[in-house]
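Peer 1: Prediction below, plus the sequence it came from.
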Amino acid sequence: MPSDALERPRAGTIYLEDGTRFDGRGFGATGRKVGEVVFTTGMVGYPESLTDPSYRGQILAFTYPLLGNYGVPNPGERDADGLPRLESGGVQVRGLVVRGTTRPHHWEMDRSLDAWLSDQGVPGVAGVDTRRLTQHLRSHGVVRGAIDVAPTDRRPSNEELARSVRQAPAYAEEDLVGEVAPDRPSLIARDGGPLVAFLDCGTKSSIVRALLDRGASVLRLPPEHEVPARWHGRRVAGVLVSNGPGDPAALSATIEELGRPTARELPTLGICLGHQLLALARGGRTFKLKYGHRGQNKTVCFPDGRAVIVSENHGYAVDPGSLEGTGLRAWATNPDDGTLEGFRDERGRLVALQGHPEGHPGPQEAGFVFDEFVRRVRRRT
């Protein structure tokens, strides 16, 4: 889209499948997308949030009232290991809803939020009462919706938007992991570092980087790939199961692989979706949360009295009662709603955390989880 088109007034609409409608001004790309409408309480880090693959298939509303003030860094930039500077190679959300935007200014910015969304084909709506939208989702739960950006004289009707939502597949029916996971193995090596098999369900780059920064080599595998005992002569010393989008119960091949004896004997770390998949592989159950946990200010409490603040982005949780008889024991909880935030196995080989210890955006107070995991992996080498 020409840069001058970004300045032209456009109509923006967010329509929920229960008939609730919010009108505002459009920005980003012109067009219409359908997805699950969710909210995040994050105050910073919108470039990282928008590139988080866990948001695949969703329309994201920010509760923080003003976005875009520092623009976007070069989204194509990669580090020496070939990892994207942001959390993935592109915007993952289907649409963005904000109260307001501002003209950006930052010494490192490459483009504005508006231009970036336009380049990526993602519509945005500003001028919406995001407080009312958030209260609606908290009361009624997340729902599918349509986001539409059009010329001001072509704002769509409720009937047209409702038809778009009805014709789109349900969130749980989409193969969202298949859209963001790798289709072949790849290795990022560190000299002398232990090799970790990384089941990549749509990982954030920061999780891979957290392992590399601690000296581990990372073998990124498609989520249904068998965990090998060796890779090109190198012994696999641990398993990490990443975050990702969608319903964990739909990943039957990954659940089956994590239940195999070869995988169960290795030190294992699960993060977010990986936390849920490991519970399912041991006989636990998951359920869909009413409106999920999304933001960079979520509290996790541990049995020893510690509490840490973590980033979170999930719409499903593990039923703690379902862990009875599985060999897993609860390790961390959310004090706001009592949901399970982490568990360990009785032998000390497995640890899983629902929140994100890597942060980005957000605090990194739970980074000790990576330290503990890599120490266990090194003892296997």
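Peer 2: Sure thing, it's come through. Only a predicted model underlies this, so the values are computations on that prediction, with no experimental measurement involved.
Peer 1: Which strand runs longest in the protein?
Peer 2: strand 286-301 (DSSP state E).
Peer 1: helices and strands around that strand, which ones?
Peer 2: Where contact means 3 or more CB pairs under 8 Å, 6 or more residues apart in numbering; DSSP states H and E, strand 286-301 is packed against strand 31-40, helix 130-140, helix 273-281, strand 307-318, strand 328-333, strand 340-345. C-betas here are computed from N, CA, C, even on glycine.
Peer 1: For residue 21, see how far away the spatially most central residue of the chain is.
Peer 2: Taking CA atoms, centre = their mean, the centroid of the chain lies closest to residue 54, which sits 2.5 Å from it. Distance of residue 54 to residue 21, computed by CB to CB, to the nearest Å: 27 Å.
Peer 1: do the same with residue 151
Peer 2: Using CB to CB, which is the criterion applied here, residue 151 is 18 Å from residue 21.
Peer 1: Pull out the buried positions in the helix or strand bottoming out on mean pLDDT in the chain.
Peer 2: Across the helices and strands of the chain, mean confidence by mean pLDDT, DSSP states H and E is lowest for helix 261-264: a mean of 89. Using 16 or more other CB atoms under 10 Å as the test for burial, helix 261-264 gives 263, 264.
Peer 1: And for stretch 25-33?
Peer 2: Those would be 25, 26, 27, 28, 29, 30, 32, 33, for stretch 25-33 by 16+ other CB under 10 Å.
Peer 1: now these in TSV, with pLDDT and distance to residue 206?
Peer 2: Shown next, in TSV, are those (pLDDT from 0 to 100; distance: CB to CB, whole Å):
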residue	pLDDT	distance to residue 206
25	98	33
26	98	31
27	98	27
28	98	24
29	98	26
30	98	32
32	98	32
33	98	26
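Peer 1: Give me the below-cutoff pLDDT ranges for the protein.
Peer 2: Across the chain, the ranges flagged by pLDDT under 70 are 1-7.
Peer 1: for the residue located most distally from the centre of it, phi and psi?
Peer 2: Within the chain, the residue lying farthest from the chain centre (CA atoms, centre = their mean) is residue 153, at 35.8 Å. Per-residue torsions, residue 153: phi -90, psi 10 (degrees, to the nearest 10).
Peer 1: Which parts of the protein are helices?
Peer 2: 46-50, 113-120, 130-140, 158-167, 176-180, 205-213, 252-258, 261-264, 273-281, 368-379 (DSSP state H).
Peer 1: picking up where we left off before, which residues does the least confident helix or strand of the chain contact?
Peer 2: The contact list for helix 261-264 (CB atoms under 8 Å, 6 or more residues apart in numbering) reads 226, 227, 229, 239, 257, 258, 349.
Peer 1: wait, the fourth one sits on residue 227?
Peer 2: Yes. The criterion here is CB atoms under 8 Å, and residue 239 meets it with residue 227 at 5.7 Å.
Peer 1: what about those two, which has more around it?
Peer 2: Neighbours were counted for residue 239 and for residue 227 using other CB atoms under 10 Å; residue 239 has more, 29 against 23.
Peer 1: mind checking how far that one is from residue 320?
Peer 2: 23 Å.
Peer 1: likewise residue 193?
Peer 2: Relative to residue 320, and taking CB to CB, residue 193 is found at 35 Å.
Peer 1: What sits closest to residue 21 if chain neighbours are left out?
Peer 2: Leaving aside its sequence neighbours, residue 21 sits nearest to residue 15 (CB to CB, 6 or more residues apart in numbering; 5.0 Å).
Peer 1: Please disregard the earlier target; I meant residue 323.
Peer 2: In space, residue 323 is closest to residue 284, 5.3 Å off (CB to CB, 6+ apart).
Peer 1: which residues touch that neighbour?
Peer 2: 318, 319, 322, 323, 326, 328.
Peer 1: what about the third one, neighbour count?
Peer 2: Translated: residue 322. Using other CB under 10 Å, residue 322 has 18 neighbouring residues.
Peer 1: distance of it from residue 270?
Peer 2: 15 Å.
Peer 1: again, but for the last one
Peer 2: Using CB to CB, one gets 11 Å for the distance from residue 328 to residue 270.
Peer 1: And these two? Which one has more around it.
Peer 2: More crowded of residue 328 and residue 270, by other CB under 10 Å: residue 270, with 26 against 23.
Peer 1: Quick check: bridge partners of that one?
Peer 2: residue 241, residue 352 (DSSP bridges).
Peer 1: now do the same end-to-end measure for stretch 202-216.
Peer 2: Using CA to CA, to the nearest Å, one end of stretch 202-216 lies 20 Å from the other.
Peer 1: centre of the chain versus that stretch, how much separation?
Peer 2: 15 Å (CA atoms, centre = their mean, to the nearest Å).
Peer 1: go on, stretch 134-153?
Peer 2: On CA atoms, centre = their mean, the centre of stretch 134-153 falls 20 Å from the chain's centre.
Peer 1: can I get the CA coordinates of that stretch in PDB?
Peer 2: Taking Å, rounded to 0.1, in the frame of the first residue of the first chain, the C-alpha atoms of stretch 134-153 are listed here in PDB:
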ATOM      1  CA  THR A 134     -12.200  -6.300  27.700                       C
ATOM      2  CA  GLN A 135     -15.100  -6.300  30.200                       C
ATOM      3  CA  HIS A 136     -17.300  -8.000  27.700                       C
ATOM      4  CA  LEU A 137     -14.800 -10.800  27.000                       C
ATOM      5  CA  ARG A 138     -14.200 -11.200  30.800                       C
ATOM      6  CA  SER A 139     -17.900 -11.600  31.300                       C
ATOM      7  CA  HIS A 140     -18.900 -13.700  28.300                       C
ATOM      8  CA  GLY A 141     -15.600 -15.400  27.500                       C
ATOM      9  CA  VAL A 142     -13.600 -15.200  24.300                       C
ATOM     10  CA  VAL A 143     -15.600 -15.400  21.100                       C
ATOM     11  CA  ARG A 144     -14.900 -15.400  17.400                       C
ATOM     12  CA  GLY A 145     -15.100 -12.100  15.600                       C
ATOM     13  CA  ALA A 146     -14.500 -10.200  12.400                       C
ATOM     14  CA  ILE A 147     -12.200  -7.200  12.000                       C
ATOM     15  CA  ASP A 148     -12.800  -5.000   9.000                       C
ATOM     16  CA  VAL A 149     -10.900  -2.000   7.600                       C
ATOM     17  CA  ALA A 150     -12.600  -0.400   4.600                       C
ATOM     18  CA  PRO A 151     -13.100   3.100   3.000                       C
ATOM     19  CA  THR A 152     -15.200   5.300   5.100                       C
ATOM     20  CA  ASP A 153     -18.200   5.100   2.700                       C
END
